[in-house]
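Participant: No sequence on hand, only this structure:
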């Protein structure tokens, strides 16, 4: 019952333009949760979320492309996500670079963009929030 209601709400949220709902539906379709596994619908929702700037969806598109044997497309998705500071994407690129399947130039260019993005996102408040999350002391985040 609750899962069906979740599906109904995600579909409604998508109609209203929710990018997060697209990403959630992609996971549901990819894993075959609630509905029958459907790679085509998973990819559709991932693409919409990724085009709207959801870096996790972009990374997951890379995973999907890799699963389908499209390593070049997979790495392009991961490179795009990494340039926004997405850690898993940068790690994936590093691993594939170490296997010799990403050029040194592409790796270095992506690493520079990743580092620039991470540096731009740094702030004292963000560091406090991260530390509080890691220590489970929410009161440390409050001013």
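Facilitator: All right, it came through fine. Only a predicted model underlies this, so the values are computations on that prediction, with no experimental measurement involved. Numbers count the residues shown, from 1 in each chain.
Participant: Quick check, residue 93 in contact with residue 110.
Facilitator: Yes - with contacts counted by Cβ atoms under 8 Å, residue 93 reaches residue 110, the gap being 5.6 Å. C-betas here are computed from N, CA, C, even on glycine.
Participant: what residue ranges in this protein score low on pLDDT?
Facilitator: Where the chain drops to pLDDT under 70, the residues are 1, 136-143.
Participant: biggest helix in it by residues?
Facilitator: Across the chain, the longest stretch assigned as helix under DSSP state H is helix 104-121.
Participant: Surely residue 7 touches residue 28?
Facilitator: Yes - using Cβ under 8 Å, residue 7 is in contact with residue 28, at 6.9 Å.
Participant: Determine the residues that are contacts of both of those two.
Facilitator: Common neighbours of residue 7 and residue 28 are listed as 34, 35 (criterion: Cβ atoms under 8 Å, 6 or more residues apart in numbering).
Participant: Those two: which is more packed in?
Facilitator: For residue 7 versus residue 28, the count of surrounding residues by other Cβ atoms under 10 Å is larger for residue 28: 20 against 16.
Participant: Skipping adjacent residues, who's closest to the more buried one in space?
Facilitator: Nearest non-adjacent residue to residue 28, counting by Cβ to Cβ, 6 or more residues apart in numbering: residue 34, 5.4 Å away.
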